[in-house]
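>>> Just a sequence and a predicted model for now, questions to come.
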Number of protein chains: 2
Amino acid sequence: MSLRIRYRIWTGPGESLEAKLNHLCLEQSVELPADVLPPHIAETVVGRVEALEATETYHVATVVFPDANIGGEITQFLNILFGNISLVDGVQVEDVAWEQLPADLMPGPRYGIAGMRRRLGVPRRALACTALKPLGSTAEELGDMAYRFALGGMDCIKDDHGLADQPYAPFQRRLEACVAGVERANRETGGTSGYWPHISAVGEDLLRRLEAAAQAGAAGGLVCAHLVGPAALAEVARHVAGLPVMAHPAFSGSYTQPRHGMTRAFLYGALWRALGADFVIHPNAAGRFSFSEAECQAIHAAARGPQAGHAAAWPTPGGGMQRATLARWVGAYGPDTCFLIGGSLYQHPDGLTAAAAEIHSLLVSSHG
Amino acid sequence: MSLRIRYRIWTGPGESLEAKLNHLCLEQSVELPADVLPPHIAETVVGRVEALEATETYHVATVVFPDANIGGEITQFLNILFGNISLVDGVQVEDVAWEQLPADLMPGPRYGIAGMRRRLGVPRRALACTALKPLGSTAEELGDMAYRFALGGMDCIKDDHGLADQPYAPFQRRLEACVAGVERANRETGGTSGYWPHISAVGEDLLRRLEAAAQAGAAGGLVCAHLVGPAALAEVARHVAGLPVMAHPAFSGSYTQPRHGMTRAFLYGALWRALGADFVIHPNAAGRFSFSEAECQAIHAAARGPQAGHAAAWPTPGGGMQRATLARWVGAYGPDTCFLIGGSLYQHPDGLTAAAAEIHSLLVSSHG
């Protein structure tokens, strides 16, 4: 077992590739100059470059660390992956050899694509997700919106990630109102819509909200992985409450900068999936953010493709998805996708239920 | 009370400043197009631009959100500060008007500069900090290094941030060995050196390590704020265990990119201080990372200057600090600084105690 990471490395004027790689190997393990290391530590603990490839603009170095350096903890895995080296320019994580890591460190999604299809009774078509908003609405107003979205057949009705525990609609009251709204609609339609409360909070409060969500009958929990810390996402995903988890990208954009951080496919596809997200929300192309369609496809490939024993996660593009162009995205991304469409439904002239029903029938007619 | 943020905004070719600011105000509050907002929410919940200044390359917008949007939680404060807008290019947080926030949201350091001077009995001079390493050493070896550093008079002897709970030196055994080493030295010298274990871990494990550290007689806890999530840093700082806290920048570099994220002064100086860090470790100029001396001075000004009712935090420059040039940095940064010097001490020909004693006497001779 070992931690094998592919890093993209850019070198600036006067910067030596060899020195930069040497720095990386020391910085991410022993953090000491090589000349003061005891020989057994220099040989067994320090990272080493196993392979080096050149592209036109950067090199890709495969660096290997012994798995003992991780000590079985996700915080320390992240520390080796991109801890101090986050302070250096021109380093970007491209991939990790998941199958070479201890299998219990990050077991991946509990449900994933197949498990959620079984839970929802949706064998083939894509899923539809929407967000309850705006912040400032009361719990009762949000519960009523949840009812109307569920009546139209939205599969996942999640909180906007800006809903926390504000006085407008405190967490517990909102949870109860929204679960009640969705359950009422399901009784009327025979559907399997579910409510996904936003549970991001610190420490015990995070787990308390998760447990409250499970107890109240919510469908899953929405977590902003980088507001709570990525290791806490894994804690939520593994929790005995057994709820599926949807990961949200708020506060994460800094990790996917040009020539820095992690590729978008790695962060939103591979890493969040490894951490246990059943759904990985990411900005879609042509929306309010700057992701390209090729980057979105790469995220999807990473979320669904082979990755150790990890179940496939639902790529969940959102952030400015429009009713008018949804059919085009359904064609481009296929049925193993969850389409997150928010604002555009609120703009529908005939209201939320009609808007949701339109989306639902588009997905049914596309893939059955 | 309100949340008043100064954002630096860069606009690309064809990008409208007005549209970008409008997007920011909606994105960081209601996340809906303005045309579907109920009037009372549009008026009271949405962020609004209160002032706009132009510099040669960017604009500075002061944006105000009602404090009700925070709902009393640090995760949600961070969400408004830089949540979804982290996914947009050319936005950087410059400052927050701390005095306009509810005082109990982020009360700042428990001890800070004055409180630590009292705890250590060091009224005037700068402090010296070092790191126990390399990863791969046993608990007993680390405990022996701690003894030798303390014998030479290092004030703060912290774990390297790469020491977690690995089999080489498991947390509890390391804690006991290092506290014992430092206490033995203090008995011999009459000094007040302290051991600072690295306690980063997820959820309950973080607090368990904090409590174990307090119980064992450690001087404080070292936390990587962005590995555990910044809100967890605040939880550690406020914990009833009452230990001072030192914040480490591993995994944080992504938040201080050019034209993106937060200024280094804001992140390491102002924000970490607000979250309760008594010591804020940051890469020094001329070390292994790319911070300029001006940026370091700006971090120091933010860590020590007036900031609501927050105690001043110890700026703790490190990351390649050298024995040979320390006197120059002591002159540049002054006595209210904690100098973190690691690798260079291990390179001293006469060993760790002699190296530590040299640093100690330099600080004493500089400021008494």
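Arrived safely.
>>> where does residue A:140 sit relative to residue B:107, distance-wise?
Distance from residue A:140 to residue B:107, counting by CB to CB, to the nearest Å: 34 Å. In this view, the C-beta of every residue, glycine as well, is placed from N, C-alpha and C.
>>> Oops, could you answer that again for residue A:317 instead?
40 Å.
>>> So the two - more neighbours on which side?
residue A:317 (27 against 17; other CB atoms under 10 Å in any protein chain shown).
>>> the helices in the stretch 1-150 of chain A, which residues?
According to DSSP state H, counting those that start in this stretch, the stretch 1-150 of chain A carries its helices in the segments A:17-27, A:39-44, A:74-82, A:112-120, A:139-151.
>>> Name all residues that make contact with the closest residue to chain B within the stretch 251-368 of chain A.
Chain B sits closest to residue A:253 of the stretch 251-368 of chain A, with a gap of 3.3 Å, by CB to the nearest CB. Applying CB atoms under 8 Å, 6 or more residues apart in numbering or on different chains to residue A:253 gives the contacts A:289, B:84-88.
>>> got a markdown table for those residues, with neighbour count, pLDDT and distance to residue A:123 too?
A markdown table is the format used below for the contacts of residue A:253 (neighbours: other CB atoms under 10 Å in any protein chain shown; pLDDT from 0 to 100; distance: CB to CB, whole Å):
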| residue | neighbour count | pLDDT | distance to residue A:123 |
| --- | --- | --- | --- |
| A:289 | 21 | 86 | 32 |
| B:84 | 26 | 97 | 33 |
| B:85 | 22 | 98 | 38 |
| B:86 | 27 | 98 | 37 |
| B:87 | 24 | 97 | 33 |
| B:88 | 18 | 96 | 38 |
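>>> From these, pick the one nearest residue B:264.
Minimum separation from residue B:264 among those (CB to CB) is found for residue B:86, which lies at 16.3 Å.
>>> related to what we said a few turns ago, would you mind finding the most buried of the helices of the stretch 1-150 of chain A?
helix A:74-82 (a mean of 26; mean count of other CB atoms under 10 Å in any protein chain shown).
>>> That one packs against which elements?
Other helices and strands packing on helix A:74-82, by 3 or more CB pairs under 8 Å, 6 or more residues apart in numbering or on different chains; DSSP states H and E, are strand A:2-9, strand A:91-96, helix A:230-238, helix B:225-228.
>>> Make a markdown table out of those and add mean pLDDT, mean neighbour count and distance to residue A:74.
What follows is the helices and strands packed on helix A:74-82, written out as a markdown table (pLDDT from 0 to 100; neighbours: other CB atoms under 10 Å in any protein chain shown; distance: least, CB to CB, whole Å):
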| stretch | mean pLDDT | mean neighbour count | distance to residue A:74 |
| --- | --- | --- | --- |
| strand A:2-9 | 98 | 21 | 12 |
| strand A:91-96 | 98 | 22 | 12 |
| helix A:230-238 | 98 | 25 | 4 |
| helix B:225-228 | 98 | 29 | 9 |
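>>> Make CSV from the ones you listed and add distance to residue B:346 to it.
Listed next are the helices and strands packed on helix A:74-82 as CSV, based on distance: least, CB to CB, whole Å:
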stretch, distance to residue B:346
strand A:2-9, 25
strand A:91-96, 25
helix A:230-238, 30
helix B:225-228, 25
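>>> still on that earlier bit, could you export the helices of the stretch 1-150 of chain A as TSV, including distance to residue A:190?
Listed next are these as TSV, based on distance: least, CB to CB, whole Å:
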stretch	distance to residue A:190
helix A:17-27	56
helix A:39-44	61
helix A:74-82	40
helix A:112-120	13
helix A:139-151	11
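>>> Residue A:52: neighbouring residues, count only.
14.
>>> With distance to residue A:205 and mean pLDDT as added columns, please give the helices of the stretch 1-150 of chain A in JSON lines.
Converted to JSON lines, the helices of the stretch 1-150 of chain A look like this (distance: least, CB to CB, whole Å; pLDDT from 0 to 100):
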{"stretch": "helix A:17-27", "distance to residue A:205": "34", "mean pLDDT": "97"}
{"stretch": "helix A:39-44", "distance to residue A:205": "40", "mean pLDDT": "96"}
{"stretch": "helix A:74-82", "distance to residue A:205": "19", "mean pLDDT": "98"}
{"stretch": "helix A:112-120", "distance to residue A:205": "26", "mean pLDDT": "98"}
{"stretch": "helix A:139-151", "distance to residue A:205": "18", "mean pLDDT": "98"}
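>>> I'd say residue A:62 and residue A:49 touch.
Yes - here residue A:62 lies in contact with residue A:49, judged by CB atoms under 8 Å, at a distance of 7.0 Å.
>>> List the residues that are in contact with both of those two.
What both residue A:62 and residue A:49 touch, as defined by CB under 8 Å, 6+ apart, is an empty set.
>>> tell me which strands and helices the lengthiest helix in chain A is in contact with?
When chain A is parsed with DSSP state H, its longest helix is helix A:171-189. Under the contact definition 3+ CB pairs under 8 Å, 6+ apart, helix A:171-189 sits against helix A:139-151, strand A:156-159, strand A:194-196, helix A:204-216.
>>> Now distance to chain B too, for these, in TSV please.
Shown next, in TSV, are those (distance: least, CB to the nearest CB, whole Å):
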stretch	distance to chain B
helix A:139-151	9
strand A:156-159	11
strand A:194-196	16
helix A:204-216	7
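>>> Kindly present the ones you listed as CSV, with separate columns for distance to residue A:261.
Putting those into CSV (distance: least, CB to CB, whole Å) gives the following:
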stretch, distance to residue A:261
helix A:139-151, 34
strand A:156-159, 26
strand A:194-196, 27
helix A:204-216, 24
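>>> just to revisit the earlier point, what's the closest of the contacts of residue A:253 to residue B:363?
residue B:86 (39.4 Å).
>>> what sits against the closest one?
Neighbouring residues of residue B:86 by CB under 8 Å, 6+ apart: A:250-254, B:261.
>>> can we see that at 10 Å?
By CB atoms under 10 Å, 6 or more residues apart in numbering or on different chains, residue B:86 lies in contact with A:226, A:249-257, A:289, B:78-79, B:93, B:254-255, B:260-262.
>>> before we move on, what about residue A:296?
Per CB under 10 Å, 6+ apart, neighbours of residue A:296: A:264-265, A:268-269, A:282-287, A:315, A:317, A:329, A:332-333, A:337.
>>> try 6 Å
Residue A:296 makes contact with A:285, A:317, according to CB atoms under 6 Å, 6 or more residues apart in numbering or on different chains.
>>> next one: residue A:248
A:161, A:222, A:224, A:281.
>>> Mind doing that once more with 8 Å?
Counting by CB under 8 Å, 6+ apart, residue A:248 touches A:161, A:198, A:200, A:222-225, A:281.
>>> Filter those down to just the ones in helices.
residue A:225.
>>> ok, of the contacts of residue A:248, which one's closest to residue B:128?
For the contacts of residue A:248, the nearest to residue B:128 is residue A:225 (37.2 Å; CB to CB).
>>> check contacts around the closest one.
For residue A:225, the contact set (CB under 8 Å, 6+ apart) comprises A:232-233, A:247-249, A:252, A:272, A:275, A:277.
>>> again, only using 6 Å
Counting by CB under 6 Å, 6+ apart, residue A:225 touches A:233, A:247.
>>> what's the domain layout of chain A?
A:2-100, A:112-367 (automatic domain parsing).
>>> Dump those domains to JSON lines, plus distance to residue B:179.
Listed next are the domains of chain A as JSON lines, based on distance: least, CB to CB, whole Å:
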{"stretch": "domain A:2-100", "distance to residue B:179": "20"}
{"stretch": "domain A:112-367", "distance to residue B:179": "25"}
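>>> Most tightly packed of these?
Highest mean neighbour count of those: domain A:112-367, a mean of 22 (counted as mean count of other CB under 10 Å).
>>> From the opening residue of it to its closing one, how far?
From its first residue to its last, domain A:112-367 covers 19 Å (CA to CA, to the nearest Å).
>>> and that domain, how far from the chain's centre?
Relative to the centre of its chain, domain A:112-367 is centred 10 Å away, using CA atoms, centre = their mean, to the nearest Å.
>>> Please give me every residue in contact with the residue nearest to residue A:334 when sequence neighbours are not counted.
Spatial nearest neighbour of residue A:334, excluding adjacent residues (CB to CB, 6 or more residues apart in numbering or on different chains): residue A:126 at 7.3 Å. With contact taken as CB under 6 Å, 6+ apart, residue A:126 is in contact with A:335, A:337, A:363.
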